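*Asks:* just need the structure, nothing else, for what follows:
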Amino acid sequence: MKMNYHKNVELALTLGFEEVCDEKAYRGKYYINDRLIWIHDIEALKARLNLENNEDLKHLNYDVESYYKYVNYTDEMVDKDLRLELIKAAIYSDSSVLSGKFSLLEHKDILDGMVGLLSEGLGEEVLYDYAHQMQKK
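*Replies:* Predicted structure coming up:
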């Protein structure tokens, strides 16, 4: 099942897109990053703008590449990406037990395990203990 609108917005924000209020935009908002506009549904957008191809959207500064990169994402995939970003933020922060543990960023398997633990509601201390034990192996 594809991601719903709210997860689509969460993904855009996670990727660095910023919300812009505009009463003419879908649901009164659009999301922009580096002058490119996030696309929620490319076929609906082309119909609304009365366009036939993706090149026309590119000329209007729509982010066609990102759309096709993430079009098959599910809600669960977005949640996983958000959890991974939370872990990375904790590593880069000054106030976490994970602060400064940059070596974790080189271990996808450990990060995936930490994402799983975070999805179960476990805290940073447990994530730290897990990562510490896994790095010993």
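
*Asks:* can you give me the buried ones in the helix or strand hosting residue 87?
*Replies:* Assigned by DSSP states H and E, residue 87 falls within helix 75-92. Of the residues in helix 75-92, 75, 78-84, 86-87, 90-91 count as buried by neighbour count, 16 or more other Cβ atoms under 10 Å. C-beta here means a position set from N, CA and C on the backbone, and glycine is covered the same way.

*Asks:* for the nearest residue to residue 97 once chain neighbours are set aside, helix, strand, or coil?
*Replies:* What sits nearest to residue 97 in space, not counting adjacent residues and going by Cβ to Cβ, 6 or more residues apart in numbering, is residue 128, at 4.5 Å. Here residue 128 is recorded as helix under DSSP: H, G, I helix; E, B strand; the rest coil.

*Asks:* which stretches of this protein have low pLDDT?
*Replies:* Residue ranges of the chain with pLDDT under 70: 1.

*Asks:* so which residues of it form helices?
*Replies:* 5-14, 42-49, 54-59, 64-70, 75-92, 108-119, 124-136 (DSSP state H).

*Asks:* distance to residue 25 added to those helices, as JSON lines?
*Replies:* Converted to JSON lines, the helices of the chain look like this (distance: least, Cβ to Cβ, whole Å):
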{"stretch": "helix 5-14", "distance to residue 25": "12"}
{"stretch": "helix 42-49", "distance to residue 25": "10"}
{"stretch": "helix 54-59", "distance to residue 25": "15"}
{"stretch": "helix 64-70", "distance to residue 25": "16"}
{"stretch": "helix 75-92", "distance to residue 25": "21"}
{"stretch": "helix 108-119", "distance to residue 25": "32"}
{"stretch": "helix 124-136", "distance to residue 25": "37"}
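
*Asks:* and these: which comes nearest residue 31?
*Replies:* Of all these, helix 5-14 sits nearest to residue 31, with 4.3 Å by Cβ to Cβ.
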